[in-house]
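[1] From the sequence below, what's the structure:
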Amino acid sequence: YPPELVHVGAPIADLIRHNARHGDFGPGEVEYHVEKRLGHLRYGQPHSFERRRHDGKTIKTVGGPMPGGGYVMSFTDISEEARMRAELRTTLEELERRVEQRTSELSEVNRRLALADRDKTRFLAAASHDLLQPLHAARLFTGALARDAAPTQQTLVAQVENSLVAAEDLLRSLLDISRLDAGGVTPEPVSIALAPFLSDLVDSFRPTAAAQGLKLRATALRGTVQCDAGLLRSVLQNIIANALRYTQAGGVVVGVRRRGSHWRIDVADSGVGIDAAQIPLIFNEFTRLGAVEVEGLGLGLALVRRIVPLLGGDIAVRSLPGRGSCFSLTLPAHDAAPDAPAQPAPVAQGAERALTVLVVDDDARIVTASIALLDALGHRGVGAETIGDALHHVDRIDAALVDYQLAAGETGVTLIAQLRAARADLPIL
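    Numbering: from 1, shown residues only. I've put the predicted structure just below:
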């Protein structure tokens, strides 16, 4: 303030007016600011505000009534504090901008990943059919060749067949792992009685066990679960196959035990066993412990690890090196009656005779190979790739072999319905 303005008895209105004229109270009429602040004094109203002066300083004004009467006001230079607050505000705004930008970038990445996963799933759906078709055709040709091969060539034919089976199994495993990782497998739960399910599965491995000189037993088969039958079979096939693969003497036992509200399926063997430190590793891709020389690339348990959560179950392993291992699959118990398994269409029985069999597939190699195998078996095959071609033969065939995926976007389901409409008694696979 000017020296002549501040003295005892000077009107407070003059001091306020001086500040208002210098812009200390912000925009507005001078007398408006004077009356406003005189009102605070008259009515004893406290007030507090900050103003940035024309010289860049920030002044904080605080006023309030005194207990014994009168009014006190203070003026504090808070320029440094205001500067720090402004810097902090700027920093926060920059952080928010960066977070928003990063969130946008991540959203775009996630969108692209979702598109990539969708494309991968579509590719795998096509690959699972197209990549396996040549191998399937080769196996059919090999089967036909085996019928006419000389005894001295049977060993060579068998080796070719074994090589094709190994290549097909490897490709199927890789495709299955890719489909599971891409989320392209949707379980279809059904009620499954474990006794017939496991008995059938164990019986399918008996020739393998016998060829190795091993005993394969199934005991205490009971209980019902609800899960995808195909996925459950895949898990147990891999576990039993592994048990036989790593067992050199003794055998394998498959059994079921009740554990509270769950059924536990145990596959125990007398094989080489697994060191405790290695158990977490056996479910990784291409893992082979090397304790014995065995076939395979170590993909079976990698599939098991991915499938078990889709079944709603858990997998556990107990093992002692040199004594054997026990793989346990635990699934929720299901008390409802099991679903009746699908029965294959009956094949007409009668005197043995040559049959005319319709083969329908969109791959000409499969059609040719199937016809060659049928001819080797003493029957006559006729081929078709579309529904229209197939229906031309409906009155001249004894049975039909129909693939799901046909040419021109058609499906075997549609063809089967039309074949049934034309000939309800026609055996179709």
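[2] This protein: strands as residue ranges?
    Under the criterion DSSP state E, the chain contains strands at 47-52, 58-65, 71-77, 189-193, 215-219, 224-228, 251-259, 262-269, 314-320, 324-332, 356-360, 380-384, 399-402.
[3] The fifth one: which residues count as buried?
    Taking 16 or more other CB atoms under 10 Å as the basis for neighbour counts, the residues of strand 215-219 that come out buried are Leu216, Ala218. (Glycine included, C-beta is placed from N, CA and C.)
[4] That one packs against which elements?
    With contacts taken as 3 or more CB pairs under 8 Å, 6 or more residues apart in numbering; DSSP states H and E, strand 215-219 sits against helix 194-211, strand 251-259.
[5] right, and the strands of the chain - which one's nearest Gln154?
    When the strands of the chain are ranked by proximity to Gln154, the top entry is strand 380-384, at 23.5 Å, counting by CB to CB.
[6] where do the helices sit along this protein?
    Counting by DSSP state H, residue ranges of the helices within the chain are 12-21, 30-43, 79-130, 132-148, 154-181, 194-211, 229-245, 300-311, 364-376, 387-391, 412-422.
[7] Determine how far the last one lies from the middle of the whole chain.
    To tie it back to what came earlier, the one meant is helix 412-422. Centroid displacement of helix 412-422 relative to its chain, using CA atoms, centre = their mean, to the nearest Å, is 34 Å.
[8] I'd like the strands of the chain written out as JSON lines, with mean pLDDT added.
    What follows is the strands of the chain, written out as JSON lines (pLDDT from 0 to 100):
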{"stretch": "strand 47-52", "mean pLDDT": "81"}
{"stretch": "strand 58-65", "mean pLDDT": "85"}
{"stretch": "strand 71-77", "mean pLDDT": "84"}
{"stretch": "strand 189-193", "mean pLDDT": "91"}
{"stretch": "strand 215-219", "mean pLDDT": "91"}
{"stretch": "strand 224-228", "mean pLDDT": "92"}
{"stretch": "strand 251-259", "mean pLDDT": "93"}
{"stretch": "strand 262-269", "mean pLDDT": "94"}
{"stretch": "strand 314-320", "mean pLDDT": "93"}
{"stretch": "strand 324-332", "mean pLDDT": "94"}
{"stretch": "strand 356-360", "mean pLDDT": "92"}
{"stretch": "strand 380-384", "mean pLDDT": "90"}
{"stretch": "strand 399-402", "mean pLDDT": "91"}
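[9] got these as a markdown table, with distance to Ile177 columns?
    As requested, these are exported to a markdown table (distance: least, CB to CB, whole Å):
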| stretch | distance to Ile177 |
| --- | --- |
| strand 47-52 | 66 |
| strand 58-65 | 66 |
| strand 71-77 | 71 |
| strand 189-193 | 22 |
| strand 215-219 | 27 |
| strand 224-228 | 17 |
| strand 251-259 | 25 |
| strand 262-269 | 21 |
| strand 314-320 | 16 |
| strand 324-332 | 19 |
| strand 356-360 | 31 |
| strand 380-384 | 34 |
| strand 399-402 | 29 |
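[10] and the helices and strands packed on strand 215-219, which is most packed in?
    strand 251-259 (a mean of 18; mean count of other CB atoms under 10 Å).
[11] Who are the packing partners of that one?
    Contact partners of strand 251-259 among helices and strands, from 3+ CB pairs under 8 Å, 6+ apart: helix 194-211, strand 215-219, helix 229-245, strand 262-269.
[12] Can you check what angle separates that strand from strand 262-269?
    For strand 251-259 against strand 262-269, the angle by axes from the mean of the first three to the mean of the last three CA atoms, to 10 degrees is 160 degrees.
[13] before we move on, the earlier item: possible to save the helices and strands packed on strand 251-259 as CSV with distance to Arg306?
    Shown next, in CSV, are the helices and strands packed on strand 251-259 (distance: least, CB to CB, whole Å):
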stretch, distance to Arg306
helix 194-211, 20
strand 215-219, 26
helix 229-245, 10
strand 262-269, 18
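[14] between the ones you listed, which gets nearest to Lys60?
    If we rank the helices and strands packed on strand 251-259 by CB to CB, the stretch that ends up nearest is strand 262-269, at 70.0 Å.
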